[in-house]
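>>> Kindly return the folded structure for what I paste below:
(chains A and B)
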Amino acid sequence: MAFKLTINGTDHEVDVEPETPLLWVLRDTVGLTGTKFGCGIAQCGACTVHLDGQPVRSCSTAAASAVGREITTIEGLSPDSSHPLQRAWVEHTVPQCGYCQSGQIMSAAALLSRNPNPSDSEIDAAMAGNLCRCGTYSRIRAAIHRAAEIAES
Amino acid sequence: MIDVNTKLTRRTLIRSMSAAGGMIIGFQVPGALAAVIAPKPWTTPTDGVEINAWLAIDADGTVTIRVPHTEQGQGGLTSVAMLIAEELDVPWDSIQTVFADMNRHVNYGEEYIVTTTHGSQLVRLQHPHLMQAGASARERLKEAAARAWGLDRAQITARQGVLSAGSRSAPYAEFAAQAGQITLAEEPAIKKNPDEWWLLGNSTPRIEVPLKVNGSAQYAIDTQVEGMVYAAVKSCPVPWGRLVSFDFDQVRDRPGVIAAVELEAVPGKTAFSDLQNGVAVVADTWYRAKTALDLMPIEWDFGSDAEVSSATQADTAHRLWEETGDVSNEVGGDTLGMIADSDRVITSEFHRPYETHARMEPINATVSITDERVDVWSPTQNQATPVMLVADQLGRDPRDVYVNTVFLGGAFGGNGGGNTAVTRQAAEIARQVGRPVKVIWSREEDITNDKQRPPVHTRLSAALGDNGLPNAFFSRAVWFTQNAAERIGPATADVAINTMPYQVPNRRHERHNVAAHIPTATHRGPGANQNGFIIEQFADELALAGDWDPLEWRIEMTKGLEPWQRVLLKLKEVAGFTTDLPRGQGMGVAVVEDHAAYCAACATVSVSRRGELRVEKVVLVHNSGYIVNPSGAIDQLEGSVCYELSHALYGGLNIQQGRVVNTNFDSYNLMRMPQAPEVEVHFALSQDGWWGGCGEPGGPPTPPAVANAIYFATGKRVRSTPIMRHDLSWS
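Predicted coordinates for the structure are as follows:
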């Protein structure tokens, strides 16, 4: 079935089964590979993208359900890696292997957009769905605080 | 000392230009984010004039360092560049890194010596070669300038990319071409003393980090090749079971489905990288391939291994505890007799289950075959391995096989020898369907068919002398490893137990190495993790039985062993360890050697009356002899605390009916942000001529330090993992 998806402000005509997870449409059909496959069952958060600004696990979101909504992936978070979170991530050298970090940043971006100055426990609650096997959690927490500062200044 | 420059011939230079298949990940550091060049076949690096295999210098002064290791988050790109730049003496911001060409390495002289990123080898074993490459290039540049200027090399200074003598000066780039042709009578010595370093030892931001915040870092799973199709595979869930039949007709008409390919284990060939029996469905997208595979009827013959479970292995271990094993180390006199005769004997039994690597990037590989060449993208920790592997699978000349090095989404020992089976699958499927193929294992397939960390069941006994310290020490371990393989068996089994530092006058260590059908492989801190948990809790039991403070006991028992004393005394200074805390709170210590590094941990925990555990803080004191990039080392040590606590607190593979049952993150649990403790890292470096690793040693001492802390908080000793399965309530 052919339908139109709006991804990072650009319309894409895709022809896939409507139940195809958004993740695979982004990666295999549209070619945006910054969004990662981790578990396929919404348990690791590596595939997190925004639908109308809300974080969703794209591995468990039917592509057709995103029709008419604004899809934002890591590639569309900022044109030049200038989002406060991306700057803070570099400043704190957060990523190790880096594979989960697109999802981490997208979850954190959704958090900051609704809560510009979150506490540690608010960060923990918002980020608990994002696994990092390398164990960069304390850096992520620090970088989210730093991003909040950058955004304020 | 190696001589990297004997290979500096014109032939080498020409060959490197024509045979290059490496991929430029090109970026400038620090400063603006760099463009990413997507990994695709037939990309030829144009990276300036080659001085030696390791480096080339561009006309504009850019120094391209060819890194023969992958980057899995361990900071290898940065460390390699730092080690070369230290001796070459060039400004840090003039450097770019590219992944070295493994086709050239494998087929033309193995110039890069070590190509693995495994076993904490990169800095530990590769540093003299890297420093030599830099120093030898620097001296050739000086010699070239000396000849041009009619001077002796000793009159030339090479500093920060500039050659100078008196009033004359020129950038390195001006003499790069001539330098590449020079043979020196004697290679220069490399710096041995950290006092001479200008770059090493300074915290340097890891250079690939900017690529990992915007989705542009390329992992194997991101590979896109023109005409590529996708394969989902299912190998027998009971390893080495047989594929009886599959009914492709049931799914062949589904959208996008192209083919089914049977994969066959070769009898007698059960090594790391070989195929299991299984079947793949190929389609135009991975989701279509995976859906069809899930719907396709498959019949397996699991064989007798389907009777194996975690419980049957534990029964086997208990039986073997009563039988004499292979003696792996014996010191002093009749240890067993002394324990039998003593009236102060402590005995304890420990269990660690299988664990899985669960790197965030599921196992995958892409292979593209043409008449001229074969291209491979594989998340392997040894970039050289797929050259021979794919050549073997396809019956091709290794000179035709090119590895496109990409970032790894984690590895942790599982992608060394351990998970190249998928590369064989990709090669085989690509051959059979006649198109480039990307194979991706689902998470369930990844955990089911990973090469797991081997389980161990260990019983220990010790007899205490009059001073309360042990005078006889005995351990009998039962390990389950694939084919009882030597590589995974004794090498892993004996780490941190045979080599424990505690100077007990009479010791006997035995092991049973049981062949099991479940494939096993190295896993970050192999052996040291399992044995560290065991030996370091038993150490606390001995200390307390002998009325010793656990930290003072360790200091006493390692007297005269400099690297151990250094970390323990520093831990005493910085961690504030005490056994005098109210019920419900506890501190615990542990110290383990791993990959020639010594790491001591002090954990602070709180446990509610109802048994809710919180690991508050872990202090690490690390001694790897030297540190190249302190901030990078801290990254690794911090991360390894969470990594290893994941297994100790939450992990453990459940084996039922011969297969792994908990195959995704809803049932194989890992640490999440709310549970992550504060980690504080200190260095206590011997700087005494030996170099240890940094990527693994932070893990092993952490779980026993936590377990020892739990004992002080609750009075309960946790002798098996996952710890969260224990009732830690107290009253």
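>>> contacts, neighbours, all on C-alpha from now
Fine.
>>> residues in contact with the spatially most central residue of chain A?
Compute the mean C-alpha point of chain A, and by CA atoms, centre = their mean the closest residue is A:Met106, 2.8 Å away. Taking CA atoms under 8 Å, 6 or more residues apart in numbering or on different chains, we find A:Met106 in contact with A:Thr48, A:Val49, A:His50, A:Pro55, A:Thr73, A:Ile74, A:Leu77.
>>> Convert the host helix or strand of it to CSV, retaining C-alpha atoms only.
A:Met106 is part of helix A:101-114, with elements assigned from DSSP states H and E. C-alpha atoms of helix A:101-114 as CSV (Å, rounded to 0.1, in the frame of the first residue of the first chain):
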residue,chain,number,x,y,z
GLN,A,101,22.7,7.3,21.4
SER,A,102,20.3,8.4,18.7
GLY,A,103,17.5,7.0,20.8
GLN,A,104,19.0,8.4,24.0
ILE,A,105,19.1,11.9,22.4
MET,A,106,15.6,11.7,21.0
SER,A,107,14.2,10.6,24.4
ALA,A,108,16.1,13.4,26.1
ALA,A,109,15.0,16.0,23.5
ALA,A,110,11.3,15.1,24.1
LEU,A,111,12.0,15.4,27.9
LEU,A,112,13.6,18.8,27.6
SER,A,113,10.8,20.1,25.3
ARG,A,114,8.2,19.4,28.0
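>>> quick check, A:Val14 in a helix?
No: counting by DSSP: H, G, I helix; E, B strand; the rest coil, A:Val14 falls outside a helix, being strand.
>>> and stretch B:646-657 with chain A, contact?
No: using CA under 8 Å from any CA of the partner chain, stretch B:646-657 stays clear of chain A, with a minimum separation of 8.7 Å.
>>> the domain parsing of chain A - what is it?
Chain A breaks down by automatic domain parsing into domains covering A:2-76, A:84-152.
>>> what about these, which gets the closest to B:Ala265?
Ranking the domains of chain A by their distance to B:Ala265 (criterion: CA to CA) puts domain A:2-76 first, at 26.8 Å.
>>> picking up where we left off before, briefly note if the next helix-or-strand element following the helix holding A:Met106 comes near chain B.
Using DSSP H and E, the helix or strand that directly follows helix A:101-114 along the chain is helix A:120-127. Yes: contact of helix A:120-127 with chain B (CA under 8 Å from any CA) involves A:Ser121, A:Asp124, A:Ala125, A:Met127.
>>> if I read this right, B:Gln675 contacts B:Lys617, doesn't it?
No: using CA atoms under 8 Å, B:Gln675 is not in contact with B:Lys617; the gap is 10.7 Å.
>>> Looking only at residue counts, what's the top helix in chain A?
Taking DSSP state H as the criterion, chain A has its longest helix at helix A:137-152.
>>> List the buried residues for that one?
If you call a residue buried by 16 or more other CA atoms under 10 Å in any protein chain shown, then helix A:137-152 has these buried ones: A:Tyr137, A:Ser138, A:Arg139, A:Ile140, A:Arg141, A:Ala142, A:Ala143, A:Ile144, A:His145, A:Arg146, A:Ala147, A:Ala148.
>>> any idea of the mean pLDDT for that helix?
The average pLDDT within helix A:137-152 is 97.
>>> restrict the contacts of A:Met106 to contacts with chain B.
Restricting these to those near chain B by CA under 8 Å from any CA leaves A:Ile74, A:Leu77.
>>> Closest one of the contacts of A:Met106 to chain B?
A:Ile74 (5.8 Å; CA to the nearest CA).
>>> now the domains of chain A as JSON lines including distance to B:Ser731?
As requested, the domains of chain A are exported to JSON lines (distance: least, CA to CA, whole Å):
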{"stretch": "domain A:2-76", "distance to B:Ser731": "35"}
{"stretch": "domain A:84-152", "distance to B:Ser731": "29"}
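>>> what's the most buried one of those?
Most buried of those by mean neighbour count (mean count of other CA atoms under 10 Å in any protein chain shown) is domain A:84-152; its value is a mean of 22.
>>> tell me how far the ends of that domain are from each other?
End-to-end distance of domain A:84-152 (CA to CA, to the nearest Å): 10 Å.
>>> any idea how far the residue nearest to the centre of chain A lies from B:Ala317?
In terms of CA to CA, A:Met106 sits 47 Å off from B:Ala317.
>>> One more: A:His83?
The gap separating A:His83 from B:Ala317 is 55 Å, by CA to CA.
>>> Then B:Gly611?
Distance from B:Gly611 to B:Ala317, by CA to CA: 29 Å.
>>> of those two, who's got more company?
Using other CA atoms under 10 Å in any protein chain shown as the criterion, B:Gly611 and B:Ala317 rank with B:Ala317 on top: 23 against 17.
>>> can I assume B:Arg66 sits in a helix?
No: counting by three-state DSSP, B:Arg66 falls outside a helix, being strand.
>>> Go ahead and confirm it touches B:Ile95.
No: if you go by CA under 8 Å, B:Arg66 and B:Ile95 don't touch, sitting 10.5 Å apart.
>>> Please identify which two of the residues of helix A:120-127 next to chain B are farthest apart in space.
Within the residues of helix A:120-127 next to chain B, A:Ser121 and A:Met127 form the most distant pair, 9.8 Å apart (CA to CA).
>>> circling back to that earlier point, from the contacts of A:Met106, which land in strands?
In this view, the contacts of A:Met106 that belong to strands under DSSP state E are A:Thr48, A:Val49, A:His50, A:Pro55.
>>> okay, the residues of helix A:120-127 next to chain B in CSV with pLDDT next?
Converted to CSV, the residues of helix A:120-127 next to chain B look like this (pLDDT from 0 to 100):
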residue, pLDDT
A:Ser121, 96
A:Asp124, 97
A:Ala125, 97
A:Met127, 98
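>>> quick one: which of those residues is nearest chain B?
A:Asp124 (5.0 Å).
>>> Find the nearest non-adjacent residue to the closest one, please.
Excluding the flanking residues, the one nearest A:Asp124 by CA to CA, 6 or more residues apart in numbering or on different chains is B:Pro674, at 5.0 Å.
>>> burial count for that neighbour?
18.
>>> tell me the contacts of B:Tyr650?
Residues near B:Tyr650 by CA under 8 Å, 6+ apart: B:Tyr668, B:Asn669, B:Leu670, B:Met671, B:Thr721, B:Pro722, B:Ile723, B:Met724, B:Arg725.
>>> Which of those residues has the largest number of neighbours?
B:Leu670 (25 neighbours).
>>> Tell me which strands the lengthiest strand in chain B pairs with, and in which orientation.
Criterion DSSP E: the longest strand present in chain B is strand B:470-482. Note on strand B:470-482: by DSSP bridges, its sheet partners are strand B:456-464 (antiparallel), strand B:506-516 (parallel).
>>> Kindly report which one of those strands carries the lowest mean pLDDT.
Mean pLDDT is lowest for strand B:506-516 out of these, coming in at a mean of 93.
>>> No more questions from me, cheers.
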